[in-house]
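Asks: I'll drop the sequence and a predicted model, then ask my questions.
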Amino acid sequence: MKQLTLLLSFVCGWTLSSAQDIQVQIDTKTNGPTISKHIYGHFAEHLGRCIYDGFYVGEDETRIPHTDGVRNDIIEALKELQIPNLRWPGGCFADTYHWQDGIGPKDQRATIVNQWWGGVTEDNSFGTHEFLNMCELLETEPYLSGNVGSGTVKEFADWMQYTNNGGVSPMSELRKENGRENPWNVKYWGVGNEAWGCGGHMTPEYYANVYRQFATYMTGSDIQRIASGASSNDYNWTETLMKNIPAHLVDGLALHHYSVIDWNDKGSASQFTEEQYFITLQRAWEMEELVTKHVAIMDKYDPEKKIDLIVDEWGGWYDVEESTNPGFLYQQNTMRDAMIAGMTLNIFNNHADRVKMANLAQSVNVLQAVILTKEEKMILTPTYHVMKMYTVHHDAKLLPLKIQNNATYKNGANELPAISASASVDQAGITHISLVNIDARQSQTVSIPLSGVKKADVSGSVLASAKIQDHNSFDKPSKIQPVDFKEFRVKGGQLEVTLPPASVVVLEVK
Ligand code: AHR
C-alpha cells in the first residue's frame, strides 16, 4: 500500500499522507490554467445608489472630492482592488436603456424612468462617455450590456460603432462631436441580460435566434460577444444555446446565481441566525455544482473550451436595510458575505479552465457591495477585503488541489464542507493559498504538505471577527480588516495552519 502511495505521488505530482487531519494537497507538478484576472470583475447597474449618489455625485458637487463627478475615494479604493472589468449599465436596466439618450449636452438629454428599480426618473447625466471615461480612471476594462429586450439590432450596432470605430463613420463622427476623438475600444459586450426574465421573457430557442441576429452585426477585431445565460440550475437554457448558436458567433455564455435564502423571505443582511447563515452558505456552495454541470454541457458542444463561462452576476441577496427604498437593494455586508466571497472565488479559481470572467453584484451600495457610501463617508466591506486579499491570484497559474478528510459544518441533518481552498503560483514563482473556514463555531487545523517548506518562507493575512454578523459601519469603518496571520507552523515537511471560525486566510509561500 505504501509503495502504491509513493508511486501515485510520483505519477500524479500529489503529495500524499496517511494522517487523518484535514489535508490540502496541492499539485505543484501539473501545469494548471491561468486564473483570468477577469474572474475578479465587478458590476455597476443603474440601480438604487450604485451610479447616482454612489460612483457619481455630479460635476457640481462641492463637498465630496471627485473627478468629473466620480468620487475620488471610490476611484482610489477600486484601483487598490485592481478591478479588471466593470459591467454596466445593467442588469435588468440594460434592456430598457437607450444609449443615445445618454450622450451630448447634459441639459438636452432625455430622462428615463427606471422601471425595474424604484420607478425613479433619471436625468441620463451619467451615460456612455461618463462610464467609459470612468473606466479609464479606474484602469479597468468596460463590459457593456447591450439592449436586446427593448432595443434594435441597429441601436446595438451603432453603440459599438460609436465606442469602437477609429475611422470615419456616422457614429464615430458623432462621438467626436461630443468631445471624444479616439475610440474606447470596448472589448466585452453582453447581448442582453436575463433574456429569460426582465430581458424579454424569451424561451431559450427564441433567444438563441435573436442572439444569432444581433451577433451577426457585432463587428470588430477584438471583441467578446457574451450571450445572456442561465439562471442558476436552468441547464436546459445552456444546452439550448450551446446547441443552437454556432460557435463562431459566441465567445462567452453567462450564468447568474445569487445566494438567497428564500426569494419571499430573504432575511436581514446583518441580523441573522446561525441557521440563516448556514442556508446562505449552502446557496453559495451550490455554485460548485452549477459550474460543474453547466461546464459539462458546454464541454459536450465545445470540447476545446473556446467558449467561456462568464458568471456575470453572483453574490448574497437579503432584505433591504430598514427605511431604505425597497427598489434600491441597499444591504449591509457582514462576515457572512466574506465567507460567500472567499468560497465562491475559490470555486471560480478551481474552474479557471472554463470560468474566464465573473462579476460580483454589485460594486457600490447595492446587494453584496464592496463599498458603501453615506454622503461624504465611505466604508470598505468585508467582501472588499476578501477581494483585495485574493488579488494575488489575478492571472496566476492555478495549482490544482484536493482536500482530504474535510471537516463538515452541520445544521441539523444538513452539512457543508467546512474548508474550501484554492492555490496558484504567480510569475515570480510565489505560491498563494487561499483558505476559507465557514464553520461559525469551530476553528479548523489544516495540513498542507509542501516539500522543503521553511517557516521563514511563509507569511499570510486573515480576515475574521468575533461574530458572523459583524460588519463595518459608518461609525466603526475599520472593525473588520485583514491582519497578519501567525497561526501556522512547519512540521515534518507540512505546513500546519489553524483557521479561526468563519475566517478567510491567504498564505504566501516563497
Ligand atoms: O443585480 C440585480 C439584478 O439581479 C439584475 O438587474 C438582474 O440581472 C438580476 O436579476
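Replies: Thanks, I have the structure now. Just so it is clear, the structure is predicted and the values come from calculations on it, not from any experiment.

Asks: Residue 330 touches residue 324, doesn't it?
Replies: Yes - with contact defined as Cβ atoms under 8 Å, residue 330 reaches residue 324; the gap is 4.6 Å. Quick note: C-beta positions are derived from backbone N, CA and C, even for glycine.

Asks: The two: who's more crowded?
Replies: residue 330 (21 against 15; other Cβ atoms under 10 Å).

Asks: That one falls within a helix, correct?
Replies: No - going by DSSP: H, G, I helix; E, B strand; the rest coil, the assignment for residue 330 is coil, not a helix.

Asks: and the residue of the stretch 351-500 of the chain found nearest the ligand, what does it touch?
Replies: Using Cβ to the nearest ligand atom, the single residue of the stretch 351-500 of the chain nearest to the ligand is residue 361, 4.2 Å away. Residues counted as contacts of residue 361 (Cβ atoms under 8 Å, 6 or more residues apart in numbering) are 43, 45, 91, 258, 313-315, 317, 367-368.

Asks: So which residues on the protein come close to the ligand?
Replies: Contact residues (Cβ under 6 Å from any ligand atom) of the chain with the ligand: 45, 90-92, 193-194, 313, 361-362, 367.

Asks: Report all helices and strands that the top helix by length along the chain contacts.
Replies: Looking across the chain with DSSP state H, the single longest helix is helix 274-301. The contact analysis (3 or more Cβ pairs under 8 Å, 6 or more residues apart in numbering; DSSP states H and E) places helix 274-301 against helix 235-244, strand 252-259, strand 308-316, helix 335-350, strand 408-411, strand 414-417.

Asks: Tell me which of these sits most buried.
Replies: helix 335-350 (a mean of 28; mean count of other Cβ atoms under 10 Å).

Asks: Can you give the contact residues for whichever helix or strand comes after that helix?
Replies: Sequence-wise, the next helix or strand downstream of helix 335-350 (DSSP states H and E) is strand 355-360. Residues outside strand 355-360 that contact it (Cβ under 8 Å, 6+ apart) are 36, 38-43, 85, 87, 143, 188, 252, 291, 295, 308-315, 341, 348, 368, 370, 383, 387.

Asks: quick revisit: so which of the helices and strands packed on helix 274-301 gets nearest residue 54?
Replies: Closest of the helices and strands packed on helix 274-301 to residue 54 is strand 308-316, at 16.0 Å (criterion: Cβ to Cβ).

Asks: Helix, strand, or coil at residue 212?
Replies: Residue 212 - assigned by three-state DSSP - is helix.

Asks: residues contacting whichever residue of the chain sits closest to the ligand?
Replies: Of all residues in the chain, residue 91 sits closest to the ligand, at 2.7 Å by Cβ to the nearest ligand atom. For residue 91, the contacting residues are 43, 45-47, 116, 145, 193, 313, 361-362, by Cβ under 8 Å, 6+ apart.

Asks: Am I right that residue 230 is in contact with residue 238?
Replies: Yes - contact between residue 230 and residue 238 holds when scored by Cβ under 8 Å: they sit 5.0 Å apart.

Asks: Overlap in contacts, those two.
Replies: Here residue 230 and residue 238 have 255, 294 as joint contacts, going by Cβ under 8 Å, 6+ apart.

Asks: How many neighbouring residues does the nearest residue to residue 292 once chain neighbours are set aside have?
Replies: With sequence-adjacent residues excluded and distances taken as Cβ to Cβ, 6 or more residues apart in numbering, residue 292 is closest to residue 351, at 7.6 Å. Residue 351 has 23 neighbours, counted by other Cβ under 10 Å.

Asks: Next one: residue 351, what pLDDT does it get?
Replies: Listed pLDDT for residue 351 reads 98.

Asks: Might one say that it is in contact with residue 296?
Replies: No - the criterion here is Cβ under 8 Å, and residue 351 misses it with residue 296 at 11.3 Å.

Asks: just checking, residue 489 is part of a strand?
Replies: Yes - assignment of residue 489 by three-state DSSP places it within a strand.

Asks: Give me the neighbour count for it.
Replies: Neighbours around residue 489, by other Cβ under 10 Å: 12.

Asks: Which pLDDT value belongs to it?
Replies: 95.

Asks: quick check, nearest of the contacts of residue 361 to residue 220?
Replies: Closest to residue 220 out of the contacts of residue 361 is residue 43 (22.7 Å), distances taken as Cβ to Cβ.

Asks: averaged over its residues, what pLDDT does stretch 101-111 have?
Replies: On average, stretch 101-111 scores 98.
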